[in-house]
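K.L.:
Kindly generate the corresponding structure for this input.
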Amino acid sequence: MDLIKAYFEKQGVFLNGRFGSFEYLNMDAVIQRSKELSERIEKDLL
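P.N.:
Now for the predicted structure:
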């Protein structure tokens, strides 16, 4: 999975959420990871 995620990230596609991470996550975990991802993307853009 790490290889697949790294490939998509190089393509500019960020896998997120239950289906994107291929993990069973509660909504609080999805929200937390989404917040962290958005902060990382914002940091990379600036």
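
K.L.:
I would like the residues contacting the host helix or strand of Arg40, please.
P.N.:
Here Arg40 sits within helix 27-45, counting by DSSP states H and E. Helix 27-45 is contacted from outside by 14, 16-18, 21, 25, using Cβ atoms under 8 Å, 6 or more residues apart in numbering. (Each C-beta comes from the backbone N, C-alpha and C, glycine too.)

K.L.:
Sort out which residues of that helix are buried, please.
P.N.:
Using 16 or more other Cβ atoms under 10 Å as the test for burial, helix 27-45 gives 30, 33.

K.L.:
want to throw the contacts of helix 27-45 into TSV with distance to Asp2, secondary structure and neighbour count?
P.N.:
Shown next, in TSV, are the contacts of helix 27-45 (distance: Cβ to Cβ, whole Å; DSSP: H, G, I helix; E, B strand; the rest coil; neighbours: other Cβ atoms under 10 Å):
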residue	distance to Asp2	secondary structure	neighbour count
Phe14	14	coil	14
Asn16	15	coil	15
Gly17	17	helix	16
Arg18	18	helix	13
Ser21	11	helix	15
Leu25	17	coil	16
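
K.L.:
of those residues, closest to Leu46?
P.N.:
Phe14 (16.8 Å; Cβ to Cβ).

K.L.:
So which helix or strand of the protein has the lowest pLDDT on average?
P.N.:
Least confident helix or strand of the chain, by mean pLDDT, DSSP states H and E, is helix 17-21 with a mean of 88.

K.L.:
Need the pLDDT of the residue nearest the centre of the chain.
P.N.:
For the chain, Asn16 is the residue whose C-alpha lies nearest the centre (Cα atoms, centre = their mean; 3.7 Å). Looking at Asn16, its pLDDT stands at 92.
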